[in-house]
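# How does the following fold in three dimensions:
(chains A, B, C and D, ligands or ions: 2)
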Amino acid sequence: MTALDVKKIRADFPILDRQVHPGVPLVYLDSTATSQKPLVVIEALNSFYRTYNANIHRGIHVLAEEATAMYEDSRVKVARFINAPSARQVIFTRNTTESINLVAYSWARANLKSGDLIILTEMEHHSNLIPWHMLAFEGGVRLEFIPVNETGSLDMQVYQELLKQEPRLVAFTHMSNVLGTINPAAEIIRRAHAAGAITLLDGAQSVPHLSVDVQELDADFLVFSAHKMLGPTGIGALYGKLELLENMPPFLGGGDMIKTVHLRSFLPNSLPHKFEAGTPAISEAIGFGSAVEYLEGLGMTQVEAHEQEMIHYALERLEEIPGVRVYGPPAEHKGAVAAFTLEDIHPHDVAQILDRYGVAVRAGHHCAQPLHEKLGIPATTRASFYIYNMPHEVDQLVAGIYQVKKMFS
Amino acid sequence: MTALDVKKIRADFPILDRQVHPGVPLVYLDSTATSQKPLVVIEALNSFYRTYNANIHRGIHVLAEEATAMYEDSRVKVARFINAPSARQVIFTRNTTESINLVAYSWARANLKSGDLIILTEMEHHSNLIPWHMLAFEGGVRLEFIPVNETGSLDMQVYQELLKQEPRLVAFTHMSNVLGTINPAAEIIRRAHAAGAITLLDGAQSVPHLSVDVQELDADFLVFSAHKMLGPTGIGALYGKLELLENMPPFLGGGDMIKTVHLRSFLPNSLPHKFEAGTPAISEAIGFGSAVEYLEGLGMTQVEAHEQEMIHYALERLEEIPGVRVYGPPAEHKGAVAAFTLEDIHPHDVAQILDRYGVAVRAGHHCAQPLHEKLGIPATTRASFYIYNMPHEVDQLVAGIYQVKKMFS
Amino acid sequence: MEDLYREVIIDHYKNPQYRGKLEPHDISFEDDNPLCGDHIRIDLRIDKDSRVNEARFDGHGCAISQASADLLTESIIGKSLEEIKTLNKQDILDMLGIELGPVRLKCALLSLKVLKAGIYGLGEASDDLVE
Amino acid sequence: MEDLYREVIIDHYKNPQYRGKLEPHDISFEDDNPLCGDHIRIDLRIDKDSRVNEARFDGHGCAISQASADLLTESIIGKSLEEIKTLNKQDILDMLGIELGPVRLKCALLSLKVLKAGIYGLGEASDDLVE
Ligand SMILES: Cc1ncc(COP(=O)(O)O)c(C=O)c1O
Ligand SMILES: Cc1ncc(COP(=O)(O)O)c(C=O)c1O
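Ligands and ions are numbered 1, 2, ... in the order given. Got it, this is the predicted structure:
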């Protein structure tokens, strides 16, 4: 296994040349919120709009044929990236959030009844909470939560207990966007299936950073966003098992998702079009395809290895700073995400002062407010790493933190 | 009023230099399906990804602040373009289709009950039919349709009759994407209000081509897509009256659309964020802003005038071809859309042969199958015109049609 | 233009040899291309060796869909059902002798899809049949 | 760094002069900044001329939100309710003496929002109050 050539990779990302303040270069440690984009992705969008922009699926002229072919080709690439058995099991959505809502509106509303149980976890992103809150409020399904324990991992014993209540769905994040915890997805899914439940795997953080194989994991649904994995905004995906998708009623109604329409009735189209109503995010899908190709070129094993190196080094350096507390499991059990507190200095202040040194981090509850409630803190500062980050950027983060300390001392 | 300088405009659209077959330049007559994009829009995307790509709303670092400011600034531009009283009445969606579904899922499901009446028209695009079909199927609302008469306009007398049944909603297209008919929106809305109904105006075809003023029209909801008005794919808008939007329950649940979240409950965010769940189409919104700015620069009155010239000339030329039948009202009552049949030659054949001459038109039912059923034809060939089209392109279309006739003679 | 609408296509479209219906028939199936309203019905009479001894198509639509239906119908007479099951996209393209984009491909393959759905006794004609 | 966290901010954050609660009070309102969990409560005592004669704030959060709250509370003592209604974003920025991006602006304006919602007797503090 060859390591990533990060210097070479950095040259592919134009934004990394940017100075965010005069003389202060960008140190981008916010990839968990959204990743930067390589030239090849930016150029994919560019070339679409400059040479073959057209609406798809219904067009006979050359532009429309080229656009349709590239759009569908991207679906094939994304399907291959997660090892989906077929491309029509990949539905393009706006983002992870819409993918989860699609399952909540279509699958859940057609299949769950009042009193049915959905199991979630305490470390979910709001996107994997609110759609189920809405369902609970409206349809009376019950929600139970796998607790997060001291070490930042899921309490599998409580999970085992909860399974006795015969849940219908277990929906959980593959990797926490705060703690970095990589959950034992295969095991959670295996047990869910044994208890007769289906599963939804939130891959927003795992698909960009790990090799995720839906067949190996036996996931029923997998959801993820392009913008977190080098792709454009405005596009995400829902993978589903064929039988589930086939039997789900449509979600959004409109052009393209139909086979035939009469004044008072319609027949839905076949997969994947059944779930893609209206003019889709065409350029975005094409950019998504180009992003997964770039990642495949690097090799996801290599990506994982690089991120392991980064998080090891980051935790080592952060934990030597008096007053810093990093949340989540030790480096070997987590992705490249370090959420921390610094004494009682508010993360907003930390992030804003770091920004003056060019270090871009996130501060807040990172759309995981219940997890922060559980941790007993309103917010954390989060530094996260991707393929283009280097150890010296960790050093800049650390130097910045010392400046913050000095200012508030 | 100065006319559009179309030669100069054409120089802003890189795709117009393209040859679609060796030696055959593009004659793009498919803007009703999707418009081409000026350089300034392509560069807006480019510069976002190259210099300030970041996730928005929750970020403190410079990139996030710049991205948030540009995203919200685009909302202000789009709001101004339709003369919305405030920017928070503009919700960004994927497209017209999602905007209509948002209203169907959120407003309609909260406000309509079985037996309630929705009035549509026979000339609706599938996007303004299926969401209501689904609602009728699931919730028992009733649908009635304003008929299209011989001249391609709505039968206002039948409308008046239907209003006696106390509809709750009148949802109709401002401009037909097949007939080109410009419906008397202000009058339809006025009568709907008098009958106690609210209105949804499908502006997918009108907002790109006419000056549309939501306050002047007194529209309750207006929906449209960026990709049909020089903007990128993956973004559209829903405008709504403040009181309606404020009282609607959320549609998609997830990050950003919340104020606070606990393990088992949440409080929705204020407008417009309440309806924008998850990472939005950031670059797309920014491109949308740049597109409306470009149109404002041209002046919508000038755009309208140019299109009137184009459609007058196109109908004149088309109607002199034996065997051509153009559908819809005369030029002065329609937008720049000419859907026609040519003897009994199938539109697919017409379109494909035209393509060989570089002329890109659409063939099919144009997502208006019920309208085609009413017209008694399965499909039409549709040529449509926008700011970058010139009379000589009409001539090329006409020459192509003569070739088709020759081949099938 | 020769590459696109070869004479054979215009010919089979204008003067189809196998247009019609068979009553009675052993197998009959019909379907549309929802994109354009093309419609094809195919009727077959099968002999006791499971060979097609009579075939007709009916319907309406574009030159490509109607010419392919005529060419396909012609080609299957005398073939066994097992042989017909092996027909695929390329066979149709070979008969037509042209290249087609994705939308027109659907027109070209409609008749094969209908034929196979009929032979397999399916409730619905799926695109998978003609990959 | 001086431009960003002027001494006055760190000072008012670390040693607020007006932190506390008033019991009894005439007006009291509290709200959060949901983005970061900042919380501000403001209590007022009003004299018979509708002037604020005592004011306190309480809560927790970042330096910007807490310092602005202290500065704002200080500035309103002696002011009439009508005068307070005219305070806006710029007044807060002037007190702080710094430029702020959109997210931090919300921190800075939280106390003004709370104050105005209290004075107007609103059920909810809306961003419109501090435009
Ligand atoms: C009148 C009308 N309504 C709705 C739509 C749907 O727009 P979109 O596909 O962008 O959602 C269209 C475009 O095809 C249209 O012409
Ligand atoms: C674990 C997890 N789930 C879901 C999401 C939501 O992703 P998006 O905002 O792209 O819908 C995120 C990203 O913030 C995430 O980290």
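# tell me which helix or strand of chain A sits lowest on mean pLDDT?
strand A:258-262 (a mean of 90; mean pLDDT, DSSP states H and E).
# And ligand 1, is that one touching that?
No. Strand A:258-262 lies out of reach of ligand 1 by Cβ under 6 Å from any ligand atom, never closer than 12.2 Å. C-beta here means a position set from N, CA and C on the backbone, and glycine is covered the same way.
# got the buried residues for that strand?
A:258-259, A:261 (16 or more other Cβ atoms under 10 Å in any protein chain shown).
# Let me have these in TSV, extended by distance to ligand 2.
Formatted as TSV, the buried residues of strand A:258-262 follow (distance: Cβ to the nearest ligand atom, whole Å):
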residue	distance to ligand 2
A:Ile258	26
A:Lys259	29
A:Val261	30
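# Could you export the residues you listed as JSON lines, including distance to C:Asp91?
Below are the buried residues of strand A:258-262 laid out as JSON lines (distance: Cβ to Cβ, whole Å):
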{"residue": "A:Ile258", "distance to C:Asp91": "30"}
{"residue": "A:Lys259", "distance to C:Asp91": "25"}
{"residue": "A:Val261", "distance to C:Asp91": "32"}
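# of these, list those near chain C.
Taking Cβ under 8 Å from any Cβ of the partner chain as the test, chain C is in contact with A:258-259 out of these.
# of the buried residues of strand A:258-262, closest to chain B?
Proximity of the buried residues of strand A:258-262 to chain B (Cβ to the nearest Cβ) peaks at A:Val261, which lies at 4.4 Å.
# Return the residues in contact with the closest residue to that closest one other than its chain neighbours.
Nearest non-adjacent residue to A:Val261, counting by Cβ to Cβ, 6 or more residues apart in numbering or on different chains: B:Gln369, 4.4 Å away. The neighbours of B:Gln369, taking Cβ atoms under 8 Å, 6 or more residues apart in numbering or on different chains as the test, are A:260-262, B:126.
# ok, and what's touching stretch C:120-131?
Contacts for stretch C:120-131 (Cβ under 8 Å, 6+ apart): A:270, C:29, C:31, C:85, C:88-89, C:92, C:106, C:109, C:112-114, C:116-117.
# Buried ones only from those residues, please, as a ChimeraX command.
Selection of buried members from those for ChimeraX, criterion 16+ other Cβ under 10 Å:
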select /C:29,31,92,106,109,112,113,114,116,117
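# Mind checking which of the contacts of stretch C:120-131 land in strands?
When these are checked against strands (DSSP state E), the matches are C:29, C:31.
# wait, which of the contacts of stretch C:120-131 is closest to B:Ala197?
Using Cβ to Cβ, A:Ser270 is the member of the contacts of stretch C:120-131 that sits closest to B:Ala197, with 36.2 Å.
# Roughly how far does the closest one sit from D:Ser50?
To D:Ser50, A:Ser270 is 69 Å away according to Cβ to Cβ, to the nearest Å.
# per-domain residue ranges of chain A.
A:6-30+A:299-408, A:42-297 (automatic domain parsing).
# residues near the closest residue to chain B within chain C, how many?
Proximity of chain C to chain B (Cβ to the nearest Cβ) peaks at C:Gly37, 2.9 Å away. Other residues lying near C:Gly37 total 22 when counted by other Cβ atoms under 10 Å in any protein chain shown.
# so who does the nearest residue to it once chain neighbours are set aside touch?
Using Cβ to Cβ, 6+ apart and skipping residues adjacent in sequence, the residue nearest C:Gly37 is B:Pro378, 2.9 Å away. Counting by Cβ under 8 Å, 6+ apart, B:Pro378 makes contact with B:365, B:372, C:36-38, C:60-61.
# circling back: does the residue of chain C closest to chain B touch B:Gly376 like I think?
No. Taking contacts as Cβ atoms under 8 Å, C:Gly37 lies outside contact range of B:Gly376: 11.6 Å.
# and the stretch 251-400 of chain A, which of its residues are near chain C?
Residues of the stretch 251-400 of chain A lying near chain C (Cβ under 8 Å from any Cβ): A:258-260, A:267, A:269-270.
# rewinding a little: can you tell me which of the contacts of B:Pro378 are buried?
Those of the contacts of B:Pro378 that meet the buried threshold are B:365, B:372, C:36-38, C:61, by 16+ other Cβ under 10 Å.
# sorry, back to before: which of the contacts of B:Pro378 fall within strands?
Per DSSP E, the contacts of B:Pro378 map to strands at C:38, C:60.
# what's the nearest residue to the residue nearest the centre of chain C if we skip its chain neighbours?
In chain C, the residue lying closest to the centroid (Cα atoms, centre = their mean) is C:Ser111, at 2.7 Å. Excluding the flanking residues, the one nearest C:Ser111 by Cβ to Cβ, 6+ apart is C:Ala69, at 3.7 Å.
# so the one you found makes contact with C:Ile42?
Yes. Contact status for C:Ala69 versus C:Ile42: in contact at 7.4 Å, counting by Cβ under 8 Å.
# what do those two both touch?
Shared contacts of C:Ala69 and C:Ile42, defined by Cβ under 8 Å, 6+ apart, comprise C:57, C:111.
# what does stretch A:132-147 contact?
Counting by Cβ under 8 Å, 6+ apart, A:104, A:108-109, A:112-122, A:154-156, A:158-159, A:162, A:165, A:167-168, A:171-172, A:374, B:250, B:253, B:263-266 sit against stretch A:132-147.
# Got a ChimeraX select line for the buried ones in those residues?
Those of the contacts of stretch A:132-147 that count as buried under 16+ other Cβ under 10 Å are selected in ChimeraX with:
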select /A:104,108,109,112,116,117,118,119,120,121,122,154,155,159,162,167,168,171,172 /B:250,253,263,266
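# In strands, which of the contacts of stretch A:132-147 appear?
A:117-121, A:171-172, B:265-266.
# check contacts around A:His366.
A:32-33, A:125, A:177-178, A:339, A:380, A:382, B:58.
# Relative to chain C, which of the ones in strands among the contacts of stretch A:132-147 is nearest.
Taking Cβ to the nearest Cβ as the measure, chain C lies nearest A:Ala171 of the ones in strands among the contacts of stretch A:132-147, at 30.2 Å.
# In contact with that closest one, which residues are there?
A:100, A:118-120, A:124, A:128, A:132, A:199-200, A:202.
# Alright, calling it a day.
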